[in-house]
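Following is a predicted model, sequence given first.
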Amino acid sequence: MNIFVLLKRTFDTEEKIALSNGRIAEDGAEFIINPYDEYAIEEAIQVRDAEGGEITVVTVGGEESEKELRTALAMGCDKAVLINTEDDLEDGDQFTSAKIIAEFLKDKNLDLILTGNVAIDGGSGQVGPRVAELLEIPYVTTITGLEINGKDVKVVRDVEGDSETIETTLPLLITAQQGLNEPRYPSLPGIMKAKKKPLEELELDDLDLEEDDVEAKTKTLEIFLPAKKEAGKVLSGDLGDQVKELVNLLHTEAKVI
């Protein structure tokens, strides 16, 4: 089985994030594999181990993304591809990434594509479905269960607190939701093996793409941090007095009534 995993390098949102000149400051920031993509990597490994085949992990970005690709190889993926755009593109969006990835995949004899449900930095959940549309293959999002029997596939997907079972066929793209599996940590032998696994680097020219072909369809106007939370207030006195004070505060300070 020919399996591809789409990976994104993201900020670690549990670490402190600072802004500089209207952009997120990368100096000193922590970067990780998008956590939802880790579920996709783990599921790909389990499918390969059960069905046979090979896993190629793919990302679009700069040289710094090699670290996350090597981590995916250490987890158990077989090959990695970095489509390096740092010299060609100043800005990109979901359309940009999907167009580039689909162009790379279009002539591949693929069976299964996995990626995370969303990226924790942007949260759009668009890249996977866009890739599937460009490749003209079916896709199922937010999956929490996967069964493959030959070309037939049964997928369980999360639907706002409930679940839905879908039957479809390969080739297929799926996006992984929390609960699909428990991603493994790279082992020391896995880390050592990852150093010798192939990591191919491509540029737009290698895909016969021009900058105009992948120009972003959206523009970021402003990035800002959430407003700093002020300390809460504790009301005292009789219940009736507390209610009156609460109503007054909601009207004069919170301005919600």
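That came through, no problem.

which stretches of the chain form helices?
35-51, 66-75, 94-105, 127-135, 188-194, 239-252 (DSSP state H).

do you know how far A98 is from V58?
12 Å (Cβ to Cβ, to the nearest Å). (Glycine included, C-beta is placed from N, CA and C.)

gap between stretch 86-106 and the chain center?
15 Å (Cα atoms, centre = their mean, to the nearest Å).

Ok, stretch 35-44 next?
Distance, centroid of stretch 35-44 to centroid of chain: 9 Å (Cα atoms, centre = their mean).

Restricting to C-alpha, output it in PDB.
Taking Å, rounded to 0.1, in the frame of the first residue of the first chain, the C-alpha atoms of stretch 35-44 are listed here in PDB:
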ATOM      1  CA  PRO A  35      -0.400  17.400  17.100                       C
ATOM      2  CA  TYR A  36      -3.300  16.300  14.900                       C
ATOM      3  CA  ASP A  37      -0.800  15.200  12.200                       C
ATOM      4  CA  GLU A  38       0.800  12.900  14.900                       C
ATOM      5  CA  TYR A  39      -2.400  11.000  14.900                       C
ATOM      6  CA  ALA A  40      -2.200  10.700  11.100                       C
ATOM      7  CA  ILE A  41       1.400   9.500  11.300                       C
ATOM      8  CA  GLU A  42       0.500   6.800  13.900                       C
ATOM      9  CA  GLU A  43      -2.500   5.600  11.900                       C
ATOM     10  CA  ALA A  44      -0.300   5.400   8.800                       C
END
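
List the contacts of the residue lying closest to A40 once chain neighbours are set aside.
In this structure, A40 finds its nearest non-sequential neighbour in L114, 3.9 Å apart by Cβ to Cβ, 6 or more residues apart in numbering. Residues near L114 by Cβ atoms under 8 Å, 6 or more residues apart in numbering: 3-6, 40-41, 43-44, 173-176.

returning to what we had before: A29 is nearest to which of the helices of the chain?
The minimum distance between A29 and these falls on helix 66-75, with 13.1 Å, by Cβ to Cβ.

what's in contact with that closest one?
So helix 66-75 is contacted by 5, 7, 9, 31-33, 38, 41-42, 45, 57, 59, 79-80, 82, 183-187, 190-191, 193-195, 197, 199 (Cβ under 8 Å, 6+ apart).

Show me which positions of it end up buried.
66, 68-75 (16 or more other Cβ atoms under 10 Å).

try stretch 134-146
134-135, 137-146.

need those in CSV with distance to V256, can you?
CSV is the format used below for the buried residues of stretch 134-146 (distance: Cβ to Cβ, whole Å):
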residue, distance to V256
L134, 45
L135, 47
I137, 47
P138, 45
Y139, 41
V140, 40
T141, 35
T142, 33
I143, 39
T144, 37
G145, 42
L146, 44
